[in-house]
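K.L.:
take this sequence and fold it.
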Amino acid sequence: MTKIAELKLENKNIAIISISGTWSIYEKHPHAEEFIETILSKPSIQKVDLKFVDLKSWDSALINFLIHILDSCESKNLTINGDNVPSGIRRLIELSRTSPVRNTPPASQKKSTMFESIGCVGLLVFFNLRTFLGFVGKLLIGIVFFIGGKVKIRGREFAVVLQEVGVKALPIVFLISFLVGFIIAFVSVLQLSQFGANIYVANLVGISMMREMGCIMTGIIMSGRTGAAFAATIGTMMVNDEVDALQTAGFSIINFLALPRVIALTLMMPLLCIFSSFIGILGGLCAAISTTNLTIVRYCAQTANVVCLNDFFVGIIKSCFFGFFIAAIGCQKGLQCKRSAEDVGLTTTTAVVTSITAIIVMDAIFAVIFSLLEI
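P.N.:
All right, here's what the predicted structure looks like:
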């Protein structure tokens, strides 16, 4: 490799670094540490002279090299002669060295133990939960004021949100619910047919869709579809400074952005849950009559005899809570978005994961409560 940097000792007190040729980050270039070690190994050296001879082209590789040399020499109180430094390189070095974000990380960091990591995760969960509960509290206050007529929602915007979270979600809810019901019935037939109990396929599909699968599958679908859309929309508004503009204009962000979305999804989730449950039962019917000797009338009659109002209302109650928290999580994560396009994607992903996790946790809590109440 042709030498593009060379260290010479003019006398006992002066070291000369000659720089020439082409400097590129895509090619091999000298390391500043080699020159620094040589200079520091000579205690008599008090001055470092930078000379540029036949310098053809350069990029950030040369800037980094010179910054390392300058920082090391200044830390050892060595005088630096940079009169020969080209003006363009000089400006970039000054800009880099005066930047407030130029912080050198410590050379060695103590590795955290397992207990410290667990504690950090616990604190993070605690602070996030506290922040979310504060946000939920503001939403509940807004809902109370809305019911009391003290807070108004724009009718046209509310109708658009209702359409987005309701009617436009029907195709995907139909497809997923039908397939889930079909799969449950098909698996049940494989087992129950061994005992000649094919009629109980209707029991399994009806109860599971009404109590559990209808609301859970709808909640997961709405988390990935609507919750993510809420987070992405509000996150983009944060990036474009639209939220700051609304606050400057005197609008309440909770009442203006979050409240219509939360109310809309809370109202539409029970309807979507009912739709999902019946479509799942329809999928189970198709699987049962195509693989067993059951008829449509017999299957429907068995379903009507088994499924009671308790099963119906259990799914409705769950879906209301699911809808509220999906919308709340999506809006809260969107308002926490930072001011870059990359953070919008991260915020959307976080909203979906958090919503699905919250649905599973709440469903487990409801299962324990309904079991204790014998519902």
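K.L.:
what are the ranges of the helices in the stretch 101-250 of the chain?
P.N.:
Assigned by DSSP state H, counting those that start in this stretch, the helices in the stretch 101-250 of the chain fall at 114-147, 155-165, 170-192, 201-208, 214-222, 228-239, 242-248.
K.L.:
wait, which of those helices is closest to E342?
P.N.:
E342 sits nearest to helix 228-239 of all these, at 9.9 Å, using Cβ to Cβ. (Glycine included, C-beta is placed from N, CA and C.)
K.L.:
tell me the angle the closest one makes with helix 214-222.
P.N.:
30 degrees (axes from the mean of the first three to the mean of the last three Cα atoms, to 10 degrees).
K.L.:
from the contact counts, what lies against helix 228-239?
P.N.:
helix 309-335, helix 341-372 (3 or more Cβ pairs under 8 Å, 6 or more residues apart in numbering; DSSP states H and E).
K.L.:
mean confidence (pLDDT) on the shortest one, please.
P.N.:
Taken as a whole, helix 309-335 has an average pLDDT of 92.
K.L.:
low-confidence regions, the stretch 151-300 of the chain specifically.
P.N.:
In the predicted model of the stretch 151-300 of the chain, no residue satisfies pLDDT under 70.
K.L.:
any idea how many residues pack against A358?
P.N.:
20 (other Cβ atoms under 10 Å).
K.L.:
that older thread, could you identify which of the helices and strands packed on helix 228-239 is most buried?
P.N.:
Of all the helices and strands packed on helix 228-239, helix 309-335 has the most neighbours on average by mean count of other Cβ atoms under 10 Å, namely a mean of 23.
K.L.:
before we move on, back to that, export the helices and strands packed on helix 228-239 as a markdown table, with columns for distance to M210.
P.N.:
Converted to a markdown table, these look like this (distance: least, Cβ to Cβ, whole Å):
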| stretch | distance to M210 |
| --- | --- |
| helix 309-335 | 4 |
| helix 341-372 | 13 |
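K.L.:
tell me which of those lies nearest to Q163.
P.N.:
Per Cβ to Cβ, nearest to Q163 of the helices and strands packed on helix 228-239: helix 309-335, 15.1 Å.
K.L.:
in whichever strand or helix holds M269, what's buried?
P.N.:
Counting by DSSP states H and E, the element that carries M269 is helix 259-291. Buried residues in helix 259-291, defined by neighbour count with 16 or more other Cβ atoms under 10 Å: 259-270, 272-277, 279-289.
K.L.:
then stretch 41-50?
P.N.:
45, 48-50.
K.L.:
could I get those as JSON lines with distance to I184 and secondary structure?
P.N.:
Converted to JSON lines, these look like this (distance: Cβ to Cβ, whole Å; DSSP: H, G, I helix; E, B strand; the rest coil):
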{"residue": "I45", "distance to I184": "81", "secondary structure": "coil"}
{"residue": "V48", "distance to I184": "78", "secondary structure": "strand"}
{"residue": "D49", "distance to I184": "82", "secondary structure": "strand"}
{"residue": "L50", "distance to I184": "76", "secondary structure": "strand"}
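K.L.:
how near is G82 to T303?
P.N.:
87 Å (Cβ to Cβ, to the nearest Å).
K.L.:
ditto for D71
P.N.:
D71 is 77 Å from T303, by Cβ to Cβ.
K.L.:
so which of those two has more stuff around it?
P.N.:
T303 (20 against 14).
K.L.:
just say helix, strand or coil for that one.
P.N.:
Three-state assignment for T303 (DSSP: H, G, I helix; E, B strand; the rest coil): helix.
K.L.:
touching, it and L204? I think so.
P.N.:
No. Contact between T303 and L204 fails when scored by Cβ atoms under 8 Å: they sit 10.3 Å apart.
K.L.:
how many neighbours does I254 have?
P.N.:
Neighbours around I254, by other Cβ under 10 Å: 18.
K.L.:
next, the angle from the helix holding M269 to helix 155-165.
P.N.:
30 degrees.
K.L.:
helix 259-291 - contacts with which helices or strands?
P.N.:
helix 114-147, helix 155-165, helix 170-192, helix 201-208, helix 214-222, helix 296-306, helix 309-335.
K.L.:
so what does the third one touch, helix or strand wise?
P.N.:
Spelled out, it's helix 170-192. Partner elements for helix 170-192 (3+ Cβ pairs under 8 Å, 6+ apart): helix 201-208, helix 214-222, helix 259-291.
K.L.:
distance to I317 added to those, as CSV?
P.N.:
Below are the helices and strands packed on helix 170-192 laid out as CSV (distance: least, Cβ to Cβ, whole Å):
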stretch, distance to I317
helix 201-208, 16
helix 214-222, 9
helix 259-291, 9
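K.L.:
for the ones you listed, which one sits closest to V307?
P.N.:
Among these, helix 201-208 comes nearest to V307, with 4.4 Å by Cβ to Cβ.
K.L.:
in the closest one, which residues are buried?
P.N.:
201-208.
K.L.:
who's in contact with H29?
P.N.:
4-5, 23, 61-62, 65 (Cβ atoms under 8 Å, 6 or more residues apart in numbering).
K.L.:
could you report the pLDDT at it?
P.N.:
For H29, the predicted pLDDT is 73.
K.L.:
from A232, how far out is it?
P.N.:
Relative to A232, and taking Cβ to Cβ, H29 is found at 43 Å.
K.L.:
can you check G334 too?
P.N.:
Distance of G334 to A232, computed by Cβ to Cβ: 7 Å.
K.L.:
which residues are common contacts for these two?
P.N.:
Joint contacts of G334 and A232 (Cβ under 8 Å, 6+ apart) are T347.
K.L.:
wait, isn't V314 in contact with G214?
P.N.:
No. Using Cβ under 8 Å, V314 is not in contact with G214, being 10.1 Å away.
K.L.:
element containing the closest residue to E33 other than its chain neighbours, please.
P.N.:
Setting aside the residues directly before and after it, E33 is nearest to H68 in space (Cβ to Cβ, 6 or more residues apart in numbering), at 7.4 Å. Here H68 sits within helix 60-75, counting by DSSP H and E.
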